[in-house]
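S.K.: quick one, structure for this:
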Amino acid sequence: MREWREQWPGGLDREGYSTLNLIAHCRQGALGYNYGQCSSCQHKEWFASSCGDRHCPMCLGPRQAQWSQRTCERLPDCPHFHLTFSVPPQLWEFFEHNYRVAAEMLFKAVAESLKEFQRNNWKVVEGGFLAVLHTWGSALNWHPHLHVLVSSGGADAAGNWRQVRPGYAFPVRAMSAKVGGLLSGRAGKARRRPLDPVAGALRHRREETGLAGGADRRPLAGLQ
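M.R.: Below you'll find the predicted structure:
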């Protein structure tokens with residue numbers, strides 16, 4: 001790994017290098033071994049330890065698949081819309097230094113807006129939605145945003161499924177303004193009082209070539 005460290009654009013910080021080093025040695029023997037025995041046939045075997053890093057595809061993959069399976073079991077089998085809500089760049093620093101508080105604000109702003117737009121546009125239909133928080137963009141840059149699956153219909157007063165228009169959810173500009181207004185207003189109020197005593201631990205590099213590491217950046221999800 002050392003020969004590749006200096007070739008990474010912009011260099012690698014200690015956390016990034018440590019993460020890549022763990023992934024490179026995952027289940028290769030350098031991290032030790034575990035001893036297992038089958039409870040049925042009593043076969044015994046040594047196997048190489050995994051790194052356990054959340055960025056590792058071998059370690060994260062099974063956990064991600066389990067989470068996806070559990071989540072899908074809760075979702076109704078129905079058509080849906082895929083909406084994305086991005087945090088405005090002027091709030092990125094606030095979001096970074098007050099991650100848990102800001103994430104809760106984002107989820108609440110989107111949930112309140114979706115429920116209001118469903119009431120105003122769908123009238124007698126009550127829909128549902130699932131939101132997942134991503135904090136990094138495709139270029140590995142700091143870019144907090146929500147991916148939301150919104151049912152394209154819902155239950156009426158009698159509990160029966162009613163489909164809404166299939167190709168259009170809500171007015172984009174109006175919804176963007178609503179979510180942005182709620183988020184900006186609450187962030188402005190929060191800035192006037194102390195937040196997150198461990199904010200220093202949540203600080204993160206935001207370079208275009210930065211790697212996730214150190215701070216808790218596990219995806220959060222909300223189901224309504």
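S.K.: what residues are up against the nearest residue to residue 153 once chain neighbours are set aside?
M.R.: Nearest residue to residue 153 in three dimensions, chain neighbours excluded: residue 163, at 4.3 Å (C-beta to C-beta, 6 or more residues apart in numbering). The way it works is simple: take the backbone N, C-alpha and C, and place the C-beta from them, glycine included. With contact set as C-beta atoms under 8 Å, 6 or more residues apart in numbering, residue 163 has these partners: 79, 152, 153.
S.K.: quick one, what contacts the first one?
M.R.: Going back to what we said before, that points to residue 79. Counted by C-beta under 8 Å, 6+ apart, residue 79 has contacts 151, 152, 153, 163, 166.
S.K.: repeat that with 10 Å
M.R.: 151, 152, 153, 163, 164, 166 (C-beta atoms under 10 Å, 6 or more residues apart in numbering).
S.K.: what does the last one give?
M.R.: Counting by C-beta under 10 Å, 6+ apart, residue 153 makes contact with 76, 78-80, 122, 125-128, 161-166.
S.K.: torsion angles phi and psi at the residue lying closest to residue 190 once chain neighbours are set aside?
M.R.: Take residue 190 and drop its neighbours on the chain: the residue closest to it by C-beta to C-beta, 6+ apart is residue 101, 6.4 Å away. Residue 101 adopts backbone torsions of phi -60, psi -50, taken as degrees, to the nearest 10.
S.K.: same check on the one 3 residues further on?
M.R.: The phi and psi values for residue 104, taken as degrees, to the nearest 10, are phi -60, psi -40.
S.K.: that one and residue 67: what is the separation?
M.R.: 20 Å (C-beta to C-beta, to the nearest Å).
S.K.: residue 55 - how many residues pack around it?
M.R.: 16 (other C-beta atoms under 10 Å).
S.K.: returning to what we had before: could I get the contacts of residue 79 as JSON lines with pLDDT, secondary structure and distance to residue 134?
M.R.: Shown next, in JSON lines, are the contacts of residue 79 (pLDDT from 0 to 100; DSSP: H, G, I helix; E, B strand; the rest coil; distance: C-beta to C-beta, whole Å):
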{"residue": "151", "pLDDT": "89", "secondary structure": "strand", "distance to residue 134": "21"}
{"residue": "152", "pLDDT": "88", "secondary structure": "coil", "distance to residue 134": "22"}
{"residue": "153", "pLDDT": "86", "secondary structure": "strand", "distance to residue 134": "26"}
{"residue": "163", "pLDDT": "86", "secondary structure": "strand", "distance to residue 134": "29"}
{"residue": "164", "pLDDT": "85", "secondary structure": "coil", "distance to residue 134": "26"}
{"residue": "166", "pLDDT": "75", "secondary structure": "coil", "distance to residue 134": "26"}
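S.K.: sort out which one of these lies nearest residue 190 for me.
M.R.: residue 151 (31.2 Å; C-beta to C-beta).
S.K.: which stretches of this protein form helices?
M.R.: Secondary structure of the chain (DSSP state H): helices at 2-5, 14-24, 57-74, 92-97, 99-122, 172-190.
S.K.: pretty sure residue 90 contacts residue 191?
M.R.: No. Residue 90 is beyond contact range of residue 191, at 11.7 Å (criterion: C-beta atoms under 10 Å).
S.K.: okay, domains of the chain per the record?
M.R.: Domains of the chain are assigned by automatic domain parsing as 1-74, 76-223.
S.K.: most tightly packed of those?
M.R.: Most buried of these, by mean neighbour count (mean count of other C-beta atoms under 10 Å): domain 76-223, with a mean of 16.
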